[in-house]
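J.: What follows is a protein structure lacking sequence information:
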């Protein structure tokens, strides 16, 4: 049969508009699904990267502490531990916190110019400044220093070099800020730009510097401690100075965050309600580790 004269087989305008609207709806659904999948992949990739970095940092701290040595001194502490403040709030961004400080055998991985001999021991410091976690290594020249007292003085002098100005130079260079120059002062590493860390040490109370006037205050509470034999900072002390190495060091919390998670974590950082703890559990990567030092408490002279 032949079609009727004048019949048009094309789509009408209403059919075209309906088809186009349906196509837009389907495309929108597909784009939403694709965008969600991309965000989930990016978050998973970022979390995997942070987890790898966090485990590498704990491995580095453990490797340094296992190589730590005791130096028999009476005037300068050989082990330093400082915790970030819980009260009244966040850490002071303008203050440098010495998270860990100790002496260890020189590492074979430490870069040394070909014209120099490798040092026998290093002073190692982990610092926290402007939400960043850093590591510093100072080679100690043992020739000409026949007493452990001299080594203690050197370590104390190195600690005094970890100033705000030097950290500003390091962070500016590490973050590729305009006008930044390489701070060729000592061996340093920027371990994490956005981190939160809590480290504790187990040590007999008799070996803690209890009444060191002025220079090395341990800020011990006046009330009797329920555990008279062992003391675990940062609760209730804010800093710890000791002449010997602790039995063990606990990395109670190492949290690394990307920029987006850190923006959500900072307002919750010092809150401890059940709801806040639940929300913080989904932000960044959180790891912990216990490090037992070999021959803890004994003399391990370099």
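T.: Received, thanks. Quick caveat, the model's predicted, so the values are computed rather than measured.

J.: only C-alpha atoms for contact and neighbour calcs from this point on.
T.: Will do.

J.: and residue 26, helix, strand or coil?
T.: With DSSP: H, G, I helix; E, B strand; the rest coil as the basis, residue 26 sits in helix.

J.: Check residue 179 too.
T.: At residue 179 the chain is in coil, as set by three-state DSSP.

J.: how close does it get to residue 173?
T.: Separation of residue 179 from residue 173 (Cα to Cα, to the nearest Å) stands at 9 Å.

J.: Also residue 250?
T.: Distance from residue 250 to residue 173, counting by Cα to Cα: 31 Å.

J.: OK, contacts around residue 128?
T.: By Cα atoms under 8 Å, 6 or more residues apart in numbering, the residues touching residue 128 are 96, 97, 98, 99, 134.

J.: In strands, which of the residues you listed fall?
T.: 97, 98, 99, 134 (DSSP state E).

J.: ok, the third one - contacts?
T.: Meaning residue 99. 80, 81, 82, 83, 84, 125, 126, 127, 128, 199.

J.: Swap in 6 Å and give it another go.
T.: 81, 82, 126, 127 (Cα atoms under 6 Å, 6 or more residues apart in numbering).

J.: Run through the bridge partners of the third one.
T.: Beta-bridge partners for residue 126, by DSSP bridges, are residue 100, residue 135.

J.: Next up, the contacts around it.
T.: Residues near residue 126 by Cα under 6 Å, 6+ apart: 99, 100, 134, 135.

J.: so how far is residue 190 from it?
T.: Distance, residue 126 to residue 190, by Cα to Cα: 10 Å.

J.: Could you name every residue contacting both of the two?
T.: residue 134.

J.: Which element, helix or strand, includes the nearest residue to residue 203 once chain neighbours are set aside?
T.: Spatially, and ignoring its direct neighbours in sequence, residue 203 is nearest to residue 246 (4.9 Å; Cα to Cα, 6 or more residues apart in numbering). Following DSSP states H and E, there is no helix or strand that holds residue 246.

J.: Next, residue 246: phi, psi?
T.: As for residue 246, its main-chain torsions (degrees, to the nearest 10) stand at phi -70, psi 170.

J.: you'd agree it is up against residue 204?
T.: No. Judged on Cα atoms under 6 Å, residue 246 makes no contact with residue 204 at a distance of 8.0 Å.

J.: pLDDT below threshold where in this protein?
T.: Along the chain, segments meeting pLDDT under 70 span 1-9, 40-47, 71-75, 85-90, 107-119, 141-150, 205-238, 295-302.

J.: now the strands for it?
T.: Using DSSP E, strands in the chain cover 79-82, 97-105, 121-129, 132-140, 187-192, 195-204, 230-231, 239-242, 248-256, 285-292.
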